[in-house]
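Participant: fold the following and give me the result.
(one chain, ligands or ions: 1)
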Amino acid sequence: MTHFLIREKFLNFFKKNNHVIVPSSSLIPSDKSVLLTTAGMQQFKPYYIGELDPISDFNSKNTTSIQKCFRTSDIDEVGDESHLTFFEMLGNFSFGGYFKKEAILLAYEFLNKELNLEIDYVTIFDPSKVASDDWRKNVPEDKESFEIWRNLGFEESRIKKEGIDNFWGPTGNEGPCGPTTEIYIKNKNNQSIEIWNIVFNEYFCDKNKILTPLKTNGVDTGMGLERLLMICQNKFNIFETDLFDSLLKILPTNLDQKIKRIISDHIKASVFLIADGVLPSNKEAGYILRRILRRAIVYEYIYKFEKNILNNLIYEVIKIYKEIYSELITKEQAILEEILKEKEKFYKTLDRGLKELKKRPEINSKIAFYLYETFGLPYEIIKELGGQKALNLNYDDFKKEFENHQEISRRGQEKKFGGHGLILDTKELKASSEEEIKKVIRLHTATHLLQQALREVLGNEVRQAGSDINPERTRFDFTFNRKLTQEEIKKVENIVNQKINEDLPVNFVEMKKEDAEKIGALSFFKEKYPPIVKVYFVGSKIENAWSKEFCGGPHVLKTGEIGKFVIQKEEGIGSGIRRIRAIVLP
Ligand code: GLY
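Facilitator: Modelled structure (predicted):
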């Protein structure tokens with residue numbers, strides 16, 4: 001069964017069952033609260049919440065589609081048997097037309113009768129599996145779905161009860177959401193994989209995670225086309241299906257299997273993103289495109305692929321999909337040009353990255369992460385090219401480094417990237433592109449140095465009273481009761497620059513809050529800290545560190561990365577509070 005046939009079977013089945021076929025929407029969604037389209041329901045969001053009327057637009061309350069989707073949430077898993085960044089989702093949707101019973105029966109009938117597949121088990125929502133402080137805790141158990149599956153002959157052991165994994169949405173900040181029932185089927189490896197997610201949109205979730213019932217109940221389902229093909233074509237993994245096998249064959253035969261998979265997924269995703277108008281950049285969707293594209297290009301560079309391989313991959317992607325997505329034909333030239341342009345730019349960065357790698361006497365996880373972050377060198381390349389110097393480097397430490405770095409930016413990221421990507425937006429650090437983030441990190445470490453220098457020059461009554469950092473400058477407020485003299489300002493500036501010149505390491509340790517206070521780590525009185533805190537220190541050991549502060553990071557690895565520190569302004573902003581504005585130069 002080819003992918004063409006499965007597509008046709010799916011759409012025709014739902015058409016036959018009173019659904020209107022709607023084409024895939026663009027990967028750039030009209031819903032601005034998300035960067036890219038991650039699900040079939042996104043183009044239908046206004047119909048669930050009553051903003052638009054399905055009858056006037058589709059002449060039906062039920063629709064079906066095959067939607068182009070892009071998710072960064074699974075990016076680390078790409079290369080295994082079943083995860084991708086770009087994929088297509090088969091879906092049927094109802095805006096007040098039908099609800100649980102019909103939705104489950106339709107899915108059952110399609111799998112069972114049309115495709116002859118056997119369901120292994122299903123899952124339903126159960127709030128007793130949800131943490132007590134979770135916003136989904138008060139959603140009732142989905143007993144109705146349980147009964148429907150029971151009536152279809154499923155014994156209780158095949159109807160598993162799950163928590164938040166069986167609750168979908170909202171996408172972005174707010175929107176329709178509700179409990180789900182998921183269908184699992186065994187693959188050729190005899191493992192059960194999730195194949196279809198059937199969502200019952202019963203609630204509207206607002207920005208504060210408050211749920212209110214929707215006026216009309218909705219149905220939203222999503223079934224990954226590639227996974228379904230893997231089952232129907234009886235393959236061990238999605239890369240053996242007819243949406244991938246010809247792509248993998250283009251790559252050098254001796255290349256590692258996982259790398260082949262990553263390259264083919266990332267090139268395919270890049271082709272589709274560019275066709276929908278995304279261009280590589282340092283911001284938002286453009287940044288995601290740049291990241292995946294560079295991930296593919298880096299292998300070409302390191303393993304010195306023959307000249308035409310990437311282009312052949314692009315042509316092959318277009319060939320596989322052109323009958324379904326005509327934009328690939330009209331945008332072919334632009335796709336080739338954009339990828340070539342990005343490649344030329346990135347090759348220069350890679351040249352510098354490799355030089356940097358060669359320069360380092362030892363490559364530990366921190367340096368590996370730095371090389372990854374700054375030059376786009378992937379872990380496996382660093383490990384391979386590092387040779388003896390990277391003998392002690394292992395993936396777990398690298399990953400930890402990555403997670404530490406990401407932690408502080410998570411709150412900001414979740415808003416726009418669904419958990420992945422890079423946006424730094426905490427109370428005091430604000431940035432949204434790769435370059436801005438690097439600048440903010442340099443300013444952040446400089447701010448720690450500034451506080452300690454102020455204490456050395458003015459005395460220990462200096463305490464932080466606030467701070468705000470953006471890519472332009474740091475603004476640091478502190479307690480002190482008079483204007484600083486020019487000499488004092490110069491002295492402070494000189495001390496900071498001296499510490500930068502010493503190129504001291506910056507590290508953190510986690511410790512009990514009381515212990516951190518005991519060793520004199522500086523904290524910010526307005527902030528409430530958890531029982532275990534991170535203490536960032538400047539110097540080789542915490543015992544004799546020159547600066548120690550309660551802080552979530554992120555920071556530079558060595559103070560030398562900060563550049564030249566310049567105080568631009570000192571002023572009073574209220575009784576006993578002074579403010580310094582400072583910048584860093586390359
Ligand atoms: N909207 C349902 C899903 O993506 O799983």
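Participant: what about the residue in the chain positioned nearest to the ligand, helix or strand, and which?
Facilitator: Going by C-beta to the nearest ligand atom, the ligand is nearest to residue 222 of the chain, at 3.0 Å. Any C-beta I mention is one placed from the backbone N, CA and C, and that applies to glycine too. Residue 222 is part of strand 211-224 when elements are defined by DSSP states H and E.
Participant: so what are the sheet partners of that strand and their directions?
Facilitator: Looking at strand 211-224 with DSSP bridges, its partner strands are strand 86-95 (antiparallel), strand 192-205 (antiparallel).
Participant: skip ahead from the shortest one and say which helix or strand is next.
Facilitator: Going down the chain from strand 86-95, the next helix or strand is helix 100-109, by DSSP H and E.
Participant: who does the helix or strand that that next one is followed by pair up with?
Facilitator: Sequence-wise, the next helix or strand downstream of helix 100-109 (DSSP H and E) is strand 121-125. In the sheet, strand 121-125 lines up against strand 159-162 (parallel), strand 175-186 (antiparallel) (DSSP bridges).
Participant: then the longest one to CSV, C-alphas only?
Facilitator: Backbone C-alpha positions of strand 175-186 (Å, rounded to 0.1, in the frame of the first residue of the first chain) are rendered in CSV as follows:
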residue,chain,number,x,y,z
GLY,A,175,-7.6,27.5,23.0
PRO,A,176,-9.7,24.4,22.9
CYS,A,177,-8.5,21.3,24.7
GLY,A,178,-9.8,18.2,26.4
PRO,A,179,-9.4,14.5,27.3
THR,A,180,-8.2,12.1,24.6
THR,A,181,-8.3,8.4,23.8
GLU,A,182,-5.3,7.0,22.1
ILE,A,183,-5.0,3.9,19.9
TYR,A,184,-1.9,1.7,20.0
ILE,A,185,-0.9,-0.9,17.4
LYS,A,186,2.0,-3.4,17.4
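Participant: the ligand contacts on the stretch 101-250 of the chain?
Facilitator: Residues of the stretch 101-250 of the chain found near the ligand (C-beta under 6 Å from any ligand atom) are 168, 197, 199, 220, 222.
Participant: would you mark the buried spots in the strand holding residue 222?
Facilitator: 211, 214, 216, 217, 218, 219, 220, 221, 222, 223, 224 (16 or more other C-beta atoms under 10 Å).
Participant: chain neighbours aside, what residue packs nearest to the fourth one?
Facilitator: Closest residue in space to residue 217, ignoring its immediate chain neighbours: residue 99 at 5.0 Å, by C-beta to C-beta, 6 or more residues apart in numbering.
Participant: so what's the residue count around that neighbour?
Facilitator: Around residue 99 there are 17 other residues, counting by other C-beta atoms under 10 Å.
Participant: tell me where the stretch 351-500 of the chain has strands.
Facilitator: Along the stretch 351-500 of the chain, the stretches classed as strands by DSSP state E, counting those that start in this stretch are 424-425, 430-431, 464-469, 474-479.
Participant: need these in a markdown table (columns: mean pLDDT and mean neighbour count).
Facilitator: Below are those laid out as a markdown table (pLDDT from 0 to 100; neighbours: other C-beta atoms under 10 Å):
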| stretch | mean pLDDT | mean neighbour count |
| --- | --- | --- |
| strand 424-425 | 54 | 21 |
| strand 430-431 | 66 | 20 |
| strand 464-469 | 88 | 20 |
| strand 474-479 | 94 | 20 |
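Participant: can I get those strands in a markdown table including distance to residue 39?
Facilitator: A markdown table is the format used below for these (distance: least, C-beta to C-beta, whole Å):
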| stretch | distance to residue 39 |
| --- | --- |
| strand 424-425 | 24 |
| strand 430-431 | 28 |
| strand 464-469 | 35 |
| strand 474-479 | 40 |
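Participant: JSON lines for those strands, including distance to the ligand?
Facilitator: Shown next, in JSON lines, are these (distance: least, C-beta to the nearest ligand atom, whole Å):
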{"stretch": "strand 424-425", "distance to the ligand": "26"}
{"stretch": "strand 430-431", "distance to the ligand": "30"}
{"stretch": "strand 464-469", "distance to the ligand": "37"}
{"stretch": "strand 474-479", "distance to the ligand": "41"}
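Participant: who wins for proximity to residue 362 among these?
Facilitator: strand 424-425 (28.8 Å; C-beta to C-beta).
Participant: returning to that earlier point: quick one: which of the strands of the stretch 351-500 of the chain is nearest residue 401?
Facilitator: Of all those, it is strand 424-425 that lies closest to residue 401, at 16.6 Å by C-beta to C-beta.
Participant: and the strand holding residue 222, average pLDDT?
Facilitator: Confidence for strand 211-224, expressed as mean pLDDT, is 97.
Participant: for it, output the C-alpha coordinates as CSV.
Facilitator: C-alpha atoms of strand 211-224 as CSV (Å, rounded to 0.1, in the frame of the first residue of the first chain):
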residue,chain,number,x,y,z
LEU,A,211,-10.8,25.7,32.0
THR,A,212,-14.3,26.7,31.0
PRO,A,213,-16.7,24.3,29.1
LEU,A,214,-17.0,25.1,25.4
LYS,A,215,-20.5,25.8,24.1
THR,A,216,-20.3,22.9,21.7
ASN,A,217,-18.2,19.8,22.1
GLY,A,218,-15.7,19.2,19.4
VAL,A,219,-13.6,16.3,18.0
ASP,A,220,-10.1,16.6,16.8
THR,A,221,-8.0,13.6,15.8
GLY,A,222,-4.5,13.1,14.7
MET,A,223,-2.8,10.1,13.2
GLY,A,224,0.8,10.3,12.0
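Participant: run the chain-centre distance for it.
Facilitator: 24 Å (C-alpha atoms, centre = their mean, to the nearest Å).
Participant: what's the burial count for the residue nearest to residue 83 when sequence neighbours are not counted?
Facilitator: Residue nearest to residue 83 in three dimensions, not counting chain neighbours: residue 77, with 3.6 Å by C-beta to C-beta, 6+ apart. Residues near residue 77, counting by other C-beta under 10 Å, number 12.
Participant: same thing with residue 390?
Facilitator: Using other C-beta under 10 Å: residue 390 sits among 21 other residues.
Participant: can you check the one 4 residues further on too?
Facilitator: Using other C-beta under 10 Å, the number of residues around residue 394 comes to 14.
Participant: skipping its backbone neighbours, what lies nearest it in space?
Facilitator: Nearest one to residue 394, counting by C-beta to C-beta, 6+ apart, is residue 365 at 7.7 Å.
Participant: ok, the one you found - how many residues close by?
Facilitator: 22.
Participant: contacts for stretch 539-549?
Facilitator: 448-449, 451-452, 499, 504-505, 507, 509, 516, 519-523, 535-538 (C-beta atoms under 8 Å, 6 or more residues apart in numbering).
Participant: return a PyMOL selection command for the buried portion of those.
Facilitator: For the buried members of the contacts of stretch 539-549, the matching PyMOL selection, counting by 16+ other C-beta under 10 Å, is:
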select buried, resi 448+449+451+452+499+504+505+507+509+516+521+522+523+535+536+537+538
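Participant: so which residues on this structure come close to the ligand?
Facilitator: Counting by C-beta under 6 Å from any ligand atom, the chain sits next to the ligand at 39, 41, 168, 197, 199, 220, 222.
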